[in-house]
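Chemist: Dropping the sequence and predicted coords here.
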Amino acid sequence: MADTETADAPSEPQGRHVTYCGVCTLPPEYCEYGGTAKKCQDWLQKAHPSMYEQIWSPEALEAATANLSVAAQERAAKDAKKKAAQAEKADKKEADKKANSVVTIKRVERNKRKYVTAVSGLEAFGLELKKVAKEFGKKFATGSSVTKLPSGGEEIVVQGDVSDEIEEFLLEKYKVIPEDNIEFVDDKKKKSAAAAS
């Protein structure tokens, strides 16, 4: 009786190892549906060459389109060209955005001889503000935090007047920020505004 139950019982479900793309986080078979197909292909070719050959080699692409009609093959080729052009346009737009972005280092006077240094515009270069704020705090042995701006963005506020040191630190640590894209502003409180409050 026990033998027949084990023979009819379904087997244990087996786990499956799935590889996910390091760029778009989809399985590599579905990367073409994300917006970064070319970057995904480059990543896959470096990280998993055998899987790249299975999916994106000329033989694999030819086999995948062999069952399609001539009109469908033409449409697929047209769609591929269109997606490549869109990806190239997006890359160019991102490069232009980085080239036109400015990192503003502002020295703000709090009381008499006390200052804080505010740094804004780092997110345009793909930097995580919380990590950078933590690095500023460690580097300059002072308080550092991320605050929201009334205009909707965020900035890093560092206690003390460390504007010159911040520029040197940014240029040394983050090579993605060109020196020409860093701007200094000295913001002093007006006495009339301080007296009115």
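Modeler: On my side now, so go ahead.
Chemist: secondary structure class for residue 147?
Modeler: Counting by DSSP: H, G, I helix; E, B strand; the rest coil, the backbone at residue 147 sits in strand.
Chemist: And for it, nearest residue in space, chain neighbours not counted?
Modeler: residue 157 (5.4 Å; CB to CB, 6 or more residues apart in numbering). Heads up, the C-betas are built off the backbone N, CA and C, glycines and all.
Chemist: For that neighbour, the count of nearby residues, please.
Modeler: Counted with other CB atoms under 10 Å, residues neighbouring residue 157 total 18.
Chemist: That one - that's part of a strand, no?
Modeler: Yes: counting by three-state DSSP, residue 157 falls inside a strand.
Chemist: Contacts only, for it.
Modeler: 116-118, 144-147 (CB atoms under 8 Å, 6 or more residues apart in numbering).
Chemist: List the beta-bridge partners for it.
Modeler: residue 118, residue 145 (DSSP bridges).
Chemist: ok, now how distant is it from residue 166?
Modeler: 11 Å (CB to CB, to the nearest Å).
Chemist: Can you tell me the closest non-neighbouring residue to the residue most central in space within the chain?
Modeler: In the chain, the residue lying closest to the centroid (CA atoms, centre = their mean) is residue 126, at 5.2 Å. Excluding its sequence neighbours, the residue lying closest to residue 126 (CB to CB, 6+ apart) is residue 176, at 7.0 Å.
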